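Trainee: sequence and predicted model, in that order:
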Amino acid sequence: MIERWLAEFDRHLRVHGRRRRRVIEELDAHLREGAAAHGEPEAVRRMGDARTVAESFTPRAADRLFEQRDRLAALLMLAAMAASLPLARTLEQLGRPDRSHAWAWFLVFLAPTAAVALLSCLAVLRRRPLGARLAPLLLAMVAVTAAVVLLDLPPSRAEFRTYTVAETAQTRVQCSASDPGCVAADHASEIRINYSLGALALAGFYLWAVTGWTPRRRDRRRRAIA
Amino acid sequence: MSATDLRGQIDLLLLSVLVAEPAHGYRVIERLRERSEGAFDLTEGTVYPALHRLERSGLLESHWSDDAPRRRRVYAVTQAGRGSLATRRRDWAAFAGAMQAVIAQ
């Protein structure tokens, strides 16, 4: 009776690979435990219709997407970090001619945030609790970093000054802009604003995706406590 | 009470049962029945897909346990699951309070 039920279940199950083997093994063990306690007919009756149970193991596409949102957010975060590597290379190249080490100090300043982001993403991808635990810290670190960059505080100040000088020289050589210094300053502002606000938005999205945390939810909790 | 009556609340029930102590599917069903004094007698066909769905969502984690004579899959609530359970409990309390206020009149 159990074999017949499992064969029917197997025929309708739309789950593949390791997960399929696990589901079947788990239900098989459960049915045999139920049969030992209450007899095979009762164990099979309690399990329900094999086809219906098999279908309920098949997630809908939208559900599957929502269930994987934490991993998708982690992949997005890693992709954004990888996409900003060329900028780090540009900063290093622009700082090299005048032997300025401002770019190196700036990257050292960014390194802990990048390390926390990397660690959190890897933990989320492996579904380890550490990933969710690090997400609020990551948002706080990104907020501090964005504030330092936007308010032109050290070490960001020295780096962007070096960048603007180098970019001004390059603009003067490459094109006949009326005010190369102004063009370079514009580029520097673009980088500051785009990267800072982009990183802040991404860290906020990541926190929501990984922990389900939103400011509204926290307010509701405060009201409940009050 | 059937699974249809409990639609939307099964996740809350499963997380509540598992947060106290990790357990395998068979034990989860027993605990639900015991704690509800027989009112929530869910079938395995309802509980197992829900356990798997919660695990895919990262709210539960599981491993095979060979302690018992039979091999069993033991489920435990993750950190994210505890957070989700706290939120669901609050939402349920608010919902039940509002329902009670309306039907008591």
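Mentor: Received the coordinates, thanks. Residues are numbered from 1 along each chain as shown, chains lettered A, B, ... in the order given.

Trainee: hey, let's count contacts and neighbours off CA atoms from now on
Mentor: Fine.

Trainee: quick one: the most centrally placed residue in chain A and A:Ala203, what's the gap?
Mentor: Centroid check for chain A by CA atoms, centre = their mean gives A:Ala74 as the closest residue, at 2.3 Å. Going from A:Ala74 to A:Ala203 by CA to CA, to the nearest Å gives 10 Å.

Trainee: cool, A:Met77 as well?
Mentor: According to CA to CA, A:Met77 and A:Ala203 sit 8 Å apart.

Trainee: of the two, who's got more company?
Mentor: Neighbour count, other CA atoms under 10 Å in any protein chain shown: between A:Met77 and A:Ala203, A:Ala203 has more, with 24 against 21.

Trainee: ok, back up a step: got the phi and psi for the residue nearest to the centre of chain A?
Mentor: Dihedral pair for A:Ala74: phi -60, psi -40, per degrees, to the nearest 10.

Trainee: now do the contacts for it.
Mentor: A:120-122, A:124-125, A:206 (CA atoms under 8 Å, 6 or more residues apart in numbering or on different chains).

Trainee: now swap in A:His187 and tell me
Mentor: Contacts of A:His187 (CA under 8 Å, 6+ apart): none.

Trainee: and it, that's in a helix?
Mentor: Yes. Applying DSSP: H, G, I helix; E, B strand; the rest coil, one finds A:His187 inside a helix.

Trainee: measure it to chain B for me?
Mentor: Between A:His187 and chain B the computed distance is 41 Å (CA to the nearest CA, to the nearest Å).

Trainee: same check on A:Glu55?
Mentor: 9 Å.

Trainee: check A:Leu85 too.
Mentor: Here A:Leu85 is placed at a distance of 31 Å from chain B (CA to the nearest CA).

Trainee: neighbours around that residue, how many?
Mentor: Neighbour count of A:Leu85, defined by other CA under 10 Å: 11.

Trainee: same question, A:His38
Mentor: If we define neighbours as other CA under 10 Å, then A:His38 has 11 of them.

Trainee: which strands and helices sit next to the longest helix seen in chain B?
Mentor: The residue-count maximum for a helix in chain B (DSSP state H) belongs to helix B:79-103. Using 3 or more CA pairs under 8 Å, 6 or more residues apart in numbering or on different chains; DSSP states H and E, the elements in contact with helix B:79-103 are helix A:129-150, helix B:10-20.

Trainee: out of those, which comes closest to A:Ala7?
Mentor: Judged by CA to CA, the one of those that comes nearest to A:Ala7 is helix B:10-20, at 27.4 Å.

Trainee: that closest one and chain A in contact?
Mentor: No. Helix B:10-20 stays clear of chain A (CA under 8 Å from any CA of the partner chain), getting no nearer than 13.8 Å.

Trainee: so what strands line up beside the helix or strand following that helix?
Mentor: Sequence order places strand B:23-24 as the next helix or strand after helix B:10-20, per DSSP states H and E. Strand B:23-24 has the following sheet partners, assigned by DSSP bridges: strand B:72-77 (antiparallel).

Trainee: could you give me the buried positions within the helix or strand where A:Pro112 lies?
Mentor: Using DSSP H and E, A:Pro112 falls within helix A:102-125. For helix A:102-125, a neighbour-count test (16 or more other CA atoms under 10 Å in any protein chain shown) marks A:102-107, A:110, A:113-114, A:116-118, A:120-125 as buried.

Trainee: export it to CSV, keeping only CA atoms.
Mentor: C-alpha atoms of helix A:102-125 as CSV (Å, rounded to 0.1, in the frame of the first residue of the first chain):
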residue,chain,number,x,y,z
ALA,A,102,45.1,59.1,-1.1
TRP,A,103,43.5,56.4,-3.2
ALA,A,104,45.1,53.7,-1.0
TRP,A,105,43.8,55.3,2.2
PHE,A,106,40.4,55.7,0.6
LEU,A,107,40.3,52.0,-0.4
VAL,A,108,41.5,51.0,3.2
PHE,A,109,38.6,53.1,4.5
LEU,A,110,36.2,51.2,2.2
ALA,A,111,37.7,47.8,2.9
PRO,A,112,35.8,46.9,6.2
THR,A,113,32.5,47.7,4.6
ALA,A,114,33.4,45.6,1.6
ALA,A,115,34.5,42.7,3.8
VAL,A,116,31.3,42.8,5.8
ALA,A,117,29.3,42.9,2.6
LEU,A,118,31.2,40.0,1.1
LEU,A,119,31.0,37.9,4.3
SER,A,120,27.2,38.6,4.6
CYS,A,121,26.5,37.7,1.0
LEU,A,122,28.5,34.5,1.1
ALA,A,123,26.6,33.5,4.3
VAL,A,124,23.2,34.4,2.8
LEU,A,125,24.0,32.3,-0.3
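
Trainee: so it versus helix A:129-150, what angle?
Mentor: Calculated by axes from the mean of the first three to the mean of the last three CA atoms, to 10 degrees, helix A:102-125 forms an angle of 150 degrees with helix A:129-150.
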